[in-house]
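[1] model this:
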Amino acid sequence: MDAVLDIERQSFAEPWSAGLFRHELRLPFSHCVVARDGTGRVLGYVCWWVVGDEVHLLNLAVHPEVRRHGIGRELLRLVRESAEQAAARLVTLEVHHDNEAAQALYAAHGFVPTGLRRNYYAPGRHALVMTWYISQPRHTAAR
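    I've put the predicted structure just below:
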């Protein structure tokens, strides 16, 4: 837990607490995976929910020393595979509106901007909502 919290604090202005991570580990619909190197060192982690036919990516971070080495991509791949195995329609996430590196990672994996949550993180710190549609959204005409 200490290594995850260290990465969390280095990655986010509003980091999750140890209690929040422990809470996620107790939820039956929550999934958390830690990436380690051959020595057991924690390199990154991801947490997501599978609820009904939707998946929500809650938290993904990689240690600053090993960013841009494919670890985030592999963690994101796990979430996408989980979504496909659960027959989910879509995966959603929030990303800080000025976190261009994370937005680029998500966009490279099919996520598209679908909304903005103003003041989501703090006043003036907005979240861009991004969605990966596993199956195309169905639009029906109103009757």
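[2] can we go C-alpha only for contacts and neighbour counts from here?
    Noted.
[3] State the number of residues packed around residue 28.
    By other Cα atoms under 10 Å, 10 other residues sit near residue 28.
[4] tell me the secondary structure for it?
    The assignment at residue 28 comes out as coil when based on DSSP: H, G, I helix; E, B strand; the rest coil.
[5] Against residue 50, how distant is it?
    Here residue 28 is placed at a distance of 9 Å from residue 50 (Cα to Cα, to the nearest Å).
[6] now residue 43
    Using Cα to Cα, we find residue 43 at a distance of 24 Å from residue 50.
[7] list the contacts for the spatially most central residue of the chain?
    For the chain, the residue nearest the mean C-alpha position is residue 57 (3.6 Å; Cα atoms, centre = their mean). With contacts defined as Cα atoms under 8 Å, 6 or more residues apart in numbering, residue 57 is in contact with 46, 47, 48, 49, 79, 91, 92, 93, 94.
[8] which SSE is it in?
    With secondary structure defined by DSSP states H and E, residue 57 is part of strand 54-62.
[9] Can you show me the strands along this structure?
    Counting by DSSP state E, the chain forms strands over residues 30-36, 42-51, 54-62, 90-96, 112-122, 125-133, given from the N-terminal end onward.
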